[in-house]
Structure formats: C-alpha cells, structure tokens
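Enquirer: Need the 3D shape of this:
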Amino acid sequence: QVQLVESGGGLVQTGGSLRLSCTASGRTFSSLTMGWFRQAQGKEREFVATIKRIGGSTDYADSVKGRFAISRDNAKNTVYLQMNSLKPEDTAVYYCAADPALHPPRSKYDYWGQGTQVTVSS
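Expert: Modelled structure (predicted):
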C-alpha cells in the first residue's frame, strides 16, 4: 500500500501562487508515476498534471499549461505542484495520486491522497 499526504493548500488572491506538496510512503517513491488531480464543487474530478517515474517527463492539462509546474524529489519521497497566476476557476480540492505504471490512464491511478483545498478569491 502507498500512503499519500498532501499539504500546502489555502486561500490566495487571483494572480497569486501556491505550492502543493505530496509525500508518499509504503513503496519506493522512484517506482511511482505521480499525478495531481482536482475536483471543484459540483464538478467531476479532472486531471491536472503528471510526472513519470522514469525520465521525469511531464504532462499538463491545457487549462494549467504555462502556469503550473509539477516536479519530484525522489530523495524526499515528495512531488510538488507549483501553481502560479492562479485564477478563481482553479478553486478546487487538489488530490495527489500515484501509480506504478509508467503511463497510467488518467482515469485510473491506484493510490490517492485525502486532498487539500485551494481557494482563489477574485
């Protein structure tokens, strides 16, 4: 089993920045592809970003490209999501996810964190 704990959410004004962190335990972190997802109130959960377990290549949702950056520190068992130029539509609960596959389907990651709230005020 993999346990994921997110932190770093909060309230920020439009145009501000936040950095989310997710620390994993229970499995060798470097063997996991990591992802960030979000779910706004009344909406379905959506993909935000992913970073592969091999090579560290990244992929982003079109809505966050150029504003968000995902990174990982395998020595700290932690994945980050740097969020810049935040907009009110970025308001959501952000979830960290992990999967041992190199290319897990966006709709299916094996392990999920509890989520952290991000609220962007206008």
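
Enquirer: Please tell me the pLDDT value assigned to V5.
Expert: Looking at V5, its pLDDT reads 96.

Enquirer: my guess is it meets T23, correct?
Expert: Yes - contact criterion CB atoms under 8 Å: V5 and T23 qualify, at 5.2 Å. Every C-beta, even on glycine, is put in place using the N, C-alpha and C of the backbone.

Enquirer: now R106, nearest residue through space, not along the chain?
Expert: The shortest distance from R106 to any non-neighbouring residue, by CB to CB, 6 or more residues apart in numbering, is to F47 (4.5 Å).

Enquirer: ok now do the most centrally placed residue in the chain, which residues does it touch?
Expert: With distances taken as CA atoms, centre = their mean, the residue of the chain nearest its centroid is W36 (2.3 Å). By CB atoms under 8 Å, 6 or more residues apart in numbering, the contact list for W36 reads L20, C22, V48, A49, T50, I70, V79, L81, Y94, Y95, C96, A97.

Enquirer: Could I have the buried ones of those as PyMOL selection syntax?
Expert: Buried subset of the contacts of W36, written as a PyMOL selection, criterion 16 or more other CB atoms under 10 Å:
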select buried, resi 20+22+48+49+50+70+79+81+94+95+96+97
